[in-house]
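> Quick one, fold the following:
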Amino acid sequence: MVVRTMIFLRRRLSPRHSPFTLGQNLLSRRQSGADGPLRRKIPVEVAGMNLEPSLNHVTSRTGAIITCPRKHLWLTTCVLAGIMNIAAAGQPPLANPVSAEVTNAALPPLKLDQAGPVGSIAFHTQVIARANSLGLNLGTAMQLASSSEADTARLNILTRPHQRSHVVLYTGTTLSGIVSLLAPDTQIIVTSPTLLIDEPLTITTPHVTLTLGQTHLSPALAWANAIANGHSKAVLAVQNTSDVFLDGGIIDGAEGVLLSNAAQSAVTGLTVKNAPGYGVVIASGSHDIVVASSHFTGLAASGVAILPWTREVLVEDNSITGGTGLSNEQAGILVTARMAFTHIGGPNFLLGPKTLPDGHTAYQFPPDAHVTSFTHPPRNVLLVSNSITGMLANGIYLDGAVLTYAEGNHIQGNSKEGMCLDNGSTANVVVGNEIAANGERWGQSDDDLRLDFVLQFGRMPDGTANAKLPGISIDNAAFNIIMDNHVADNGGSGIKMVRSSFYNLVGRNLIADNNTGANKVFFFFGIELGGAPGDVTSRSLDFAPSIGNIIFQNIIAGAHHSGIQFCPACAYNDVFDNMIIRPGMFALEQTAPHEANIFSNNFSQAPSRNADLNSTYGRVLLGGPGIYDGQP
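Alright, predicted model coming up:
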């Protein structure tokens, strides 16, 4: 039997991100308990592959020996690397950029004919109308992927030590004392162990370096009272200037940095703890900005937020953990196109108040912010090698984002989705990320679940909601590339297209052991294509089925209810070269008979439901019987 599936995990930015060292790293962490019990043991049973049960190592396609120190061979990232090697025997190592990988996969053309069955629906939605108005398509996403490494290297230059002509030591005890030292071409080195935040420090002078090192900054009484009264804002502001370098500093109990109309500037080595709002906000007019090697812990909102009218931003090697904000707009990293705010500060400046039936006030998206109104989204944003864990909200939230590139991020143990592409997100690239153990909805009150319209579905015995969330969510989004990710152990589905998802590429991902939150109300899938109706009447989004997507060369392993599932109207999707191993029920599942999805060369021994295995369209499933509703 010939198996065409040749998936591998790809990361390009450092040796630790090579395709098969990722498997070794994950395995070593699980053995040491660093990531907790994230892996179920699933015996490997692959038709046509003679795998010796006592084998304890495999050889990768690069020739590296990968040791799997278990008595028996279990389905882990390590072993899957060996399966890929066997499946692709004789093939040269694939280490091409995303664009080359897509070319090698020989994808079918997108169904862009506006009079066709896909175009006649998609081209009447806001997400496609916005994509056209912004000049975005799959080609622009490919260009983003191709230039990402060069763009990252170019922006990283901003983090190198800046040599200034003048160096000043500051030994004072208040933040305001630094103001008089600000001058062009100057480095200010703070030597005091502590600074009192008596007023914010706004830097409008160009060519300045502020070195805070290990200095602790904490609010003075007046500042603390202002925060308590809801008047929080950033401690450090870089406004209307360029070439400003902020290095170090430990800010406790106050918001961190605001960059507004700033250019060629960087924030590195910053720590923000227990802030009543955001860690770093990159606002209108800012470009060529880097936030790197910083730590954000226990914040009420995002560690890093990137707002409209910005471009050329690199967020790299940051740690964001323990965020207490519950809204999507308070995710670990936020890239948003929303413009309906009057100030910047506090946890809710992007949200609107809502009075709940019990009289409590909560905050959520302002009403009727149409996707087509997001006309000036951030562009060319690079999210690289960040760790985002333990957030009450999502790991990364792309809110109408375009041309955002996310690679090598570790996103684990967040209460909501690991990553969302929502509200018109278009031409983004999500590649080589580890997205694990998200979506259990822990730590959420009845009010929180009511805001998300899921309280009525009840809770599990452990108190978490029955309505779980996926590792990656795609909702009202188009022309995105989701490739080479490791998506595992999430409460809901691995990758879910909620609704109105068009022309997305989902390929070469390792999707393993999701559906951990299956319960008496819900079960979940490896990849899910949906057309969910609205919870409330709204014109801000479209509520259409997910059609015209391409799902290819994924390995989907473990006890998902089905490997790939399609809603009743989710049709005209191309699904080929996927390997589906030991699902709970079905390899492929169409919830309505005779949907016009195109299946070819998908490999599984499991049965499939309503998936036409052989027809005039050339649909083929290797192994496994077909089961059709209404037929014996």
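
> For the most centrally placed residue in the chain, list each beta-bridge partner.
In the chain, the C-alpha nearest the mean C-alpha coordinate belongs to residue 419, at 3.1 Å (CA atoms, centre = their mean). Under DSSP bridges, the beta-bridge partners of residue 419 are residue 396, residue 472.

> Please, which helix or strand holds residue 314?
Here residue 314, judged by DSSP states H and E, is contained in strand 311-316.

> Give the pairing partners of that strand; include direction for each.
Partners of strand 311-316 in its sheet, by DSSP bridges: strand 287-292 (parallel), strand 379-384 (parallel).

> List the contacts of the first one.
This points to strand 287-292. 155-156, 158-159, 259, 262-268, 270, 280, 282, 304, 310-318 (CB atoms under 8 Å, 6 or more residues apart in numbering). To be clear about C-beta, it is placed using only N, CA and C from the backbone, and glycine gets the same treatment.

> check contacts around the closest residue to residue 335 other than its chain neighbours.
Residue nearest to residue 335 in three dimensions, not counting chain neighbours: residue 401, with 4.2 Å by CB to CB, 6 or more residues apart in numbering. Residue 401 is in contact with 335-337, 377-378, 381, 421, 425, 428, counting by CB under 8 Å, 6+ apart.

> one more time with 6 Å
335, 377, 425, 428 (CB atoms under 6 Å, 6 or more residues apart in numbering).

> quick one: it from residue 303, how far?
Remark: distance between residue 401 and residue 303 (CB to CB, to the nearest Å) = 16 Å.

> Ok, residue 326 next?
15 Å.

> Next: residue 522.
30 Å.

> now swap in residue 370 and tell me
28 Å.

> Neighbour count: the two, which is higher?
When neighbours are counted by other CB atoms under 10 Å, residue 370 and residue 303 differ, and residue 303 comes out ahead with 30 against 14.

> ok, now which ones touch that one?
Contacts of residue 303 (CB under 6 Å, 6+ apart): 279, 296, 320, 332.

> Retrieve the pLDDT associated with the second one.
Here the pLDDT value assigned to residue 296 is 99.

> Equivalent analysis for the third one, please.
Among the per-residue scores, residue 320 holds a pLDDT of 99.

> For residue 98, which non-adjacent residue is spatially closest?
residue 145 (3.8 Å).

> Measure how the longest strand anywhere in the chain sits relative to strand 311-316, angle-wise.
Counting by DSSP state E, the longest strand found in the chain is strand 255-268. Strand 255-268 and strand 311-316 are oriented at 90 degrees to each other (axes from the mean of the first three to the mean of the last three CA atoms, to 10 degrees).

> Using CSV, list the CA coordinates for strand 255-268.
Presented in CSV, the C-alpha positions along strand 255-268 are these (Å, rounded to 0.1, in the frame of the first residue of the first chain):
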residue,chain,number,x,y,z
GLU,A,255,0.2,48.8,33.4
GLY,A,256,3.4,48.7,31.4
VAL,A,257,4.2,50.5,28.2
LEU,A,258,2.2,52.4,25.5
LEU,A,259,3.7,53.0,22.2
SER,A,260,1.7,55.5,20.1
ASN,A,261,2.9,56.9,16.8
ALA,A,262,6.3,55.4,17.6
ALA,A,263,8.8,54.0,15.1
GLN,A,264,12.0,51.9,15.1
SER,A,265,11.6,51.3,18.9
ALA,A,266,11.9,48.2,21.1
VAL,A,267,10.9,46.9,24.5
THR,A,268,13.0,44.1,25.9
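
> I'd like the average pLDDT over that strand.
Here the average pLDDT along strand 255-268 is 98.

> Which other helices and strands does the top helix by length along the chain contact?
The longest helix of the chain (DSSP state H) is helix 138-156. Judged by 3 or more CB pairs under 6 Å, 6 or more residues apart in numbering; DSSP states H and E, helix 138-156 is in contact with helix 98-104, strand 429-431.

> most packed of these?
strand 429-431 (a mean of 25; mean count of other CB atoms under 10 Å).

> Figure out how far that strand is from the centre of its chain.
How far strand 429-431 lies from its chain's middle: 8 Å, per CA atoms, centre = their mean, to the nearest Å.

> helices and strands around that strand, which ones?
So strand 429-431, by 3+ CB pairs under 6 Å, 6+ apart, packs with helix 138-156, strand 404-407, strand 481-483.

> returning to that earlier point: which one (most neighbours) among the contacts of residue 303?
Most surrounded of the contacts of residue 303: other CB under 10 Å gives residue 332, at 35 neighbours.

> ok, now how distant is that residue from residue 349?
18 Å.

> Sort out which residues of stretch 400-413 are buried, please.
400-413 (16 or more other CB atoms under 10 Å).

> Reformat those residues as CSV; add pLDDT and distance to residue 474.
Formatted as CSV, the buried residues of stretch 400-413 follow (pLDDT from 0 to 100; distance: CB to CB, whole Å):
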residue, pLDDT, distance to residue 474
400, 97, 13
401, 98, 12
402, 99, 14
403, 98, 16
404, 99, 13
405, 98, 16
406, 98, 13
407, 97, 17
408, 97, 20
409, 98, 17
410, 99, 20
411, 99, 15
412, 98, 20
413, 98, 21
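
> Now the residues you listed in JSON lines, please, with extra columns for distance to residue 488.
Formatted as JSON lines, the buried residues of stretch 400-413 follow (distance: CB to CB, whole Å):
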{"residue": "400", "distance to residue 488": "28"}
{"residue": "401", "distance to residue 488": "24"}
{"residue": "402", "distance to residue 488": "28"}
{"residue": "403", "distance to residue 488": "28"}
{"residue": "404", "distance to residue 488": "23"}
{"residue": "405", "distance to residue 488": "22"}
{"residue": "406", "distance to residue 488": "17"}
{"residue": "407", "distance to residue 488": "18"}
{"residue": "408", "distance to residue 488": "16"}
{"residue": "409", "distance to residue 488": "14"}
{"residue": "410", "distance to residue 488": "12"}
{"residue": "411", "distance to residue 488": "11"}
{"residue": "412", "distance to residue 488": "10"}
{"residue": "413", "distance to residue 488": "12"}
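
> Which residue, other than its chain neighbours, is closest to residue 276?
Nearest non-adjacent residue to residue 276 (CB to CB, 6+ apart): residue 232, at 4.6 Å.

> same question, residue 374
Closest residue to residue 374 apart from its sequence neighbours, by CB to CB, 6+ apart: residue 337 at 3.5 Å.

> do residue 496 as well
residue 470 is the one closest to residue 496 (CB to CB, 6+ apart), at 3.9 Å.

> Can you report how many residues neighbour that neighbour?
The tally of other residues near residue 470 (other CB under 10 Å) stands at 30.

> Among the helices and strands packed on helix 138-156, which one carries the weakest average confidence?
Among these, helix 98-104 scores lowest, at a mean of 83.

> Tell me which helix or strand comes right after it.
By DSSP H and E, the next helix or strand past helix 98-104 is helix 119-122.

> Mean confidence (pLDDT) on that next one, please.
Average pLDDT, helix 119-122: 97.

> still on that earlier bit, any chance of the helices and strands packed on helix 138-156 in TSV, plus distance to residue 438?
Output for the helices and strands packed on helix 138-156, formatted as TSV (distance: least, CB to CB, whole Å):
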stretch	distance to residue 438
helix 98-104	23
strand 429-431	14
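
> what's in contact with stretch 134-149?
97-99, 402-403, 405, 426-427, 429, 479, 481.

> Between the residues you listed, which sits nearest residue 218?
residue 405 (36.1 Å; CB to CB).

> now that closest one: how far from residue 480?
Taken as CB to CB, the span from residue 405 to residue 480 is 11 Å.
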